[in-house]
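Asks: any chance you could fold what I've pasted below:
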Amino acid sequence: MSKKSISINPDFFNFKKKKKDKKQKPSFKKNKLKPNDVKKKLIARIKEHQKKEKQKEIEYQEKKEENTFENDLDMKNSAKFKDYMEAHYRSDPRF
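Replies: Numbers count the residues shown, from 1 in each chain. Okay, the predicted model is just below:
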């Protein structure tokens, strides 16, 4: 039979504990924006968008009114309209 020897680490017999290296937590970038600032910016963008939409709607209405006015003038100056008005008002005794 062969003799076997057991080797034991002598550090296990020391009662003083070695300090373990602590793992460093990954550092996260802190959010530099405050929630109120984000809200204010969002509300400002929403209001700006609403103003643009209102302006577009007003411009569309003005353009529509101009077109109807021009169409009315064109229609009144047309020969068919004049003939119709003359025929209609000649037969009406009130005029």
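Asks: which stretches of this protein aren't confidently modelled?
Replies: 1, 16-20, 67-82, 85-86, 88-95 (pLDDT under 70).
Asks: again, only this time at 90
Replies: 1-35, 58-95 (pLDDT under 90).
Asks: all helices for it, in order.
Replies: 35-77, 79-91 (DSSP state H).
Asks: helices or strands up against the longest one?
Replies: Using 3 or more CB pairs under 8 Å, 6 or more residues apart in numbering; DSSP states H and E as the contact definition, helix 35-77 packs against no other helix or strand. Heads up, the C-betas are built off the backbone N, CA and C, glycines and all.
Asks: go again with 10 Å.
Replies: helix 79-91 (3 or more CB pairs under 10 Å, 6 or more residues apart in numbering; DSSP states H and E).
Asks: what's the burial count for Lys41?
Replies: 11 (other CB atoms under 10 Å).
Asks: swap in Lys54?
Replies: Neighbour tally, Lys54, other CB under 10 Å: 10.
Asks: ok, Leu33 next?
Replies: Leu33: 9 neighbours (other CB under 10 Å).
Asks: next one: Ser2
Replies: Neighbours around Ser2, by other CB under 10 Å: 3.
Asks: roughly how far does Lys34 sit from Lys47?
Replies: Shown here: Lys34 relative to Lys47, a distance of 20 Å by CB to CB, to the nearest Å.
Asks: check Glu53 too.
Replies: Counting by CB to CB, the gap from Glu53 to Lys47 is 11 Å.
Asks: try Lys54
Replies: 11 Å.
Asks: do the same with Phe28
Replies: Phe28 is 33 Å from Lys47, by CB to CB.
Asks: one more: Asn9?
Replies: Going from Asn9 to Lys47 by CB to CB gives 72 Å.
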